[in-house]
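Enquirer: Test case, fold it:
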Amino acid sequence: MKMIKVHWLWAFLLILVFSIGCAGVPVRETVQVDMKAPVGKIEGNQFTGIRYPFNVAAPPGWKVSTEYPKFMIDLGYEKDGLEESEVFLYNPETQSNLQIDFAPADRYSTFDQQKIEMLANAVTGEMQDELKEDLGKELKTTVGPTERPSLKGVPYAAKKYVTYTAKGVKREQGWIYAFVEPYQIFILYMILDKEGKNDHEAFKAILDSFEYIPRK
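Expert: Modelled structure (predicted):
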């Protein structure tokens, strides 16, 4: 599968940002990120970012890791794209999963809620096309509404998703695009509906636990 190629999805968004989201004069200094710094530390179910200043926690039954779980390759994720992400949260039993990545905004790009929602919506058609190319042209997908998730410390965020059934399992595959000065935030997730499990509630708990903490 290639429809969950992380760098493809985010690269498409970054191209759109550059083409329609740029001011004529610099709006920020060039963002410096120490890529040699550790991604973060994990204590129990809690992740504390070091390279980027954010925290997130795994709910009961879920795990948090800075390394991708091997089953994500079998689900169709591309290894190269997975290696770009900062942290992974997943349910080892159901294989529902979420990954978080940050990218510094360039000097000229500007953001507001309307623009974030427009950009999040812009990749929907591409995602549907990839799904049908991979799983068959007869695949039926349903597009969910554009939502505004609440992420602590983050002023602008938009969530979009599609649902479909593959191998007899209903899936919700979605993405959250967000911005807090000076970072773009990318969250990609998949929820697999397994009998007796409520991963939608767990996903909500993960988003509730997310917090961006500006560096002083």
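Enquirer: For Gly153, give me its contacts.
Expert: Gly153 makes contact with Phe54, Val180, Glu211, Tyr212, Ile213, Pro214, according to CB atoms under 8 Å, 6 or more residues apart in numbering. Quick note: C-beta positions are derived from backbone N, CA and C, even for glycine.
Enquirer: mind checking how far the one residue sitting closest to the centre of the chain is from Lys216?
Expert: In the chain, the residue lying closest to the centroid (CA atoms, centre = their mean) is Ile187, at 1.3 Å. Using CB to CB, to the nearest Å, we find Ile187 at a distance of 25 Å from Lys216.
Enquirer: pretty sure Met127 contacts Val162?
Expert: Yes - using CB atoms under 8 Å, Met127 is in contact with Val162, at 6.1 Å.
Enquirer: So those two - more neighbours on which side?
Expert: Between Met127 and Val162, counted using other CB atoms under 10 Å, the more crowded position is Met127 (22 against 17).
Enquirer: Could you check which helix or strand contains that one?
Expert: Per DSSP states H and E, Met127 falls inside helix 124-135.
Enquirer: what mean pLDDT does that helix have?
Expert: For helix 124-135, mean pLDDT is 84.
Enquirer: Surely Ala157 is in contact with Pro149?
Expert: Yes - between Ala157 and Pro149 there is a contact at 5.2 Å, judged by CB under 8 Å.
Enquirer: anything in contact with each of these two?
Expert: Shared contacts of Ala157 and Pro149, counting by CB under 8 Å, 6+ apart, come down to Ile176, Ala178.
Enquirer: Neighbour count: those two, which is higher?
Expert: Under the criterion of other CB under 10 Å, the comparison of Ala157 against Pro149 puts Ala157 first, with 23 against 15.
Enquirer: Leaving out chain neighbours, which residue sits closest to that one?
Expert: Ala178 (3.7 Å; CB to CB, 6 or more residues apart in numbering).
Enquirer: if I look at Trp175, how far off is Gln114?
Expert: As judged by CB to CB, Trp175 and Gln114 stand 18 Å apart.
Enquirer: higher neighbour count, those two?
Expert: Just comparing Trp175 and Gln114: by other CB under 10 Å the higher neighbour count belongs to Trp175, 21 against 10.
Enquirer: Many thanks, I have nothing further to ask.
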